[in-house]
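# could you look at this predicted model? Sequence included:
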Amino acid sequence: MIDQSNDLAGQIRARIDSLTKPLGALGRIEALAAQIAALQGRTDPQMAACALIIFAGDHGIAGEGVSAFPQEVTRQMVLNFLAGGAAANVFANSLGVPLSVVDAGMAGPRMEHPGLIDRRIARGTRNSAVEAAMTAEQCAAALRAGHALAQEAACDALCLGEMGIANTSAASLVAHKLTGVSLDLLVGRGTGLDDGALAHKAAVLARAAARTAPQLDALTALAEYGGFEIAMMAGAMLGAAQARRIVIVDGFIAGAAAAAALAIDPAVRPALVFAHRSAERGHAALLEALDAEPLLDLGLRLGEGTGALLAWPLVRAAAAMIRDMASFSAAGVSGPQ
Ligand SMILES: Cc1cc2ncn([C@H]3O[C@H](COP(=O)(O)O)[C@@H](O)[C@H]3O)c2cc1C
Ligand SMILES: O=C(O)c1cccnc1
């Protein structure tokens, strides 16, 4: 039913409360159903198709030794996605979710592969410990590319994932400059740094952060410290929200992109579903700063959209609940005494 009145929220609440269950008994699934219904403007929302887009990009700051893995892993993992062997592939396959891979700006030459979507901005970002990661034009181009991809995606819910060695560093810096949360709370082990390497990463990021003002606007924070894949994810969130698609936000890196998208346009908020709390150190603080309570907490710390995929069945079930459950009156079930 398409809503014709202004009181859509009231209709949604009334519909949920009319269903054959004690009031509130489906807990947060009820809030999720209400969010989906409100986004689509109807009390019988459709939630049939989900898609995952993985954005890959490289980071100049990787040269500072801030990741446990070498930069070439970004490219190697993109080949792994294209061959179907990564965690994101097997989760997506098990759920029947189509996965596409976008080159947002990997280091090295263009990768010739029929399955790879080419939106390359440059051969990786510059080293944000010493200079801006990208130009304002590059940042705008990345946002536009993500926006267009999300608007074109044929789905009701869009999972966004990323691959980019050193992008926990970029995400920490973007989140710090946008939320004001201290870097100490945001810097974590990423791919598995030991204590010594973590202290080195913290020192590199503190040096990077000191180059600019304590807080930055979204476009400046993304250009100074972001990655092409992070900016493209932020653009995709803006595009999906405009198309009234749910965005299932993955972990820490996607969370930093969400912080940027929200700072650019707070109207994206009703489209965002936060999938899970990553084990990456900064994610809890970032979620708190965004006032976001994720659906799951599974100790994941991978990225690629894996946590978003795992939350998709909850999103689908929430929509099915408000759309398909019988009401007390239709089912002839007595209400509370
Ligand atoms: C084999 C492998 C697969 C991955 N899939 C996602 N990431 C994740 O780890 C990276 C971020 O961590 P850091 O900032 O420490 O480099 C990103 O590429 C992210 O998506 C991976 C990392 C590795 C090594
Ligand atoms: O939570 C994430 O997105 C994450 C954590 C560690 C490494 N890569 C991604």
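Arrived safely. Ligands and ions are numbered 1, 2, ... in the order given.

# who in the stretch 51-200 of the chain is up against ligand 1?
Proximity of the stretch 51-200 of the chain to ligand 1, by CB under 6 Å from any ligand atom, involves residues 67-69, 73, 77, 162-169, 190-191. All C-beta spots, glycine's among them, are computed from the backbone N, C-alpha and C.

# which ones among those residues map onto helices?
Mapping those onto helices (DSSP state H) picks out Val73, Met77, Asn167, Thr168, Ser169.

# so what's the closest residue in space to the fourth one that isn't next to it in sequence up against?
By the measure of CB to CB, 6 or more residues apart in numbering, the closest residue to Thr168 outside its immediate chain neighbours is Gly190, 3.8 Å from it. Listed by CB atoms under 8 Å, 6 or more residues apart in numbering, the contact set of Gly190 reads Val66, Ser67, Ala68, Ala166, Thr168, Ser169, Lys201, Glu280.

# what about Gly190, distance to Pro336?
Plainly put, Gly190 is 51 Å away from Pro336 if you go by CB to CB, to the nearest Å.

# dump the ones in helices among the residues of the stretch 51-200 of the chain next to ligand 1 to TSV, plus neighbour count, distance to Gly57 and pLDDT.
Conversion of these to TSV gives the following (neighbours: other CB atoms under 10 Å; distance: CB to CB, whole Å; pLDDT from 0 to 100):
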residue	neighbour count	distance to Gly57	pLDDT
Val73	18	13	98
Met77	22	12	99
Asn167	31	7	99
Thr168	32	13	99
Ser169	28	13	99
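
# can you give me the pLDDT of the residue of the chain found nearest ligand 1?
Nearest residue of the chain to ligand 1: Gly190, at 2.2 Å (CB to the nearest ligand atom). Predicted confidence (pLDDT) for Gly190: 98.

# and it, how close does it get to ligand 2?
Using CB to the nearest ligand atom, to the nearest Å, one obtains 5 Å as the distance from Gly190 to ligand 2.

# not counting its neighbours along the chain, what's nearest Leu290?
Once flanking residues are discounted, Leu290 sits nearest to Ala259: 6.1 Å by CB to CB, 6+ apart.

# helix or strand: which one has the one you found?
Using DSSP states H and E, Ala259 sits within helix 252-264.

# and that helix, what does it pack onto?
Judged by 3 or more CB pairs under 8 Å, 6 or more residues apart in numbering; DSSP states H and E, helix 252-264 is in contact with strand 157-163, helix 167-179, helix 218-225, helix 228-242, strand 246-249, strand 272-274, helix 282-289.

# orientation of it relative to helix 228-242 in degrees?
With axes from the mean of the first three to the mean of the last three CA atoms, to 10 degrees defining the directions, helix 252-264 sits at 60 degrees from helix 228-242.

# relative to helix 167-179, how tilted is helix 252-264?
Counting by the same axes, to 10 degrees, helix 252-264 lies at 30 degrees to helix 167-179.

# the residue in the chain that ligand 2 sits nearest to - nearest residue in space that isn't next to it in sequence?
Of all residues in the chain, Gly251 sits closest to ligand 2, at 2.4 Å by CB to the nearest ligand atom. Counting by CB to CB, 6+ apart, Ser278 is the residue found nearest to Gly251 once chain neighbours are left out, at 3.6 Å.

# the one you found: helix or strand, and which one exactly?
Going by DSSP H and E, Ser278 is not in any helix or strand.

# contacts only, for it.
The contact partners of Ser278, taken as CB under 8 Å, 6+ apart, are Gly251, Phe252, Gly255, Leu300, Arg301, Gly307.

# just give the number of residues close to Ala38.
Residues near Ala38, counting by other CB atoms under 10 Å, number 18.

# returning to what we had before: number of residues surrounding the residue nearest to Leu290?
Ala259 is flanked by 28 other residues according to other CB under 10 Å.

# quick check: it touching Gly180?
No: in this structure, Ala259 is not within contact of Gly180 by CB atoms under 8 Å, at 10.9 Å.

# now do the shared contacts for these two.
Both Ala259 and Gly180 are in contact with Ala289, where contact means CB under 8 Å, 6+ apart.

# possible to save the contacts of Ser278 as JSON lines with neighbour count?
As requested, these are exported to JSON lines (neighbours: other CB atoms under 10 Å):
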{"residue": "Gly251", "neighbour count": "30"}
{"residue": "Phe252", "neighbour count": "29"}
{"residue": "Gly255", "neighbour count": "29"}
{"residue": "Leu300", "neighbour count": "22"}
{"residue": "Arg301", "neighbour count": "20"}
{"residue": "Gly307", "neighbour count": "31"}
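
# export these to a markdown table and tack on pLDDT and distance to Ala9?
Output for the contacts of Ser278, formatted as a markdown table (pLDDT from 0 to 100; distance: CB to CB, whole Å):
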| residue | pLDDT | distance to Ala9 |
| --- | --- | --- |
| Gly251 | 98 | 30 |
| Phe252 | 99 | 31 |
| Gly255 | 99 | 27 |
| Leu300 | 98 | 33 |
| Arg301 | 98 | 36 |
| Gly307 | 99 | 28 |
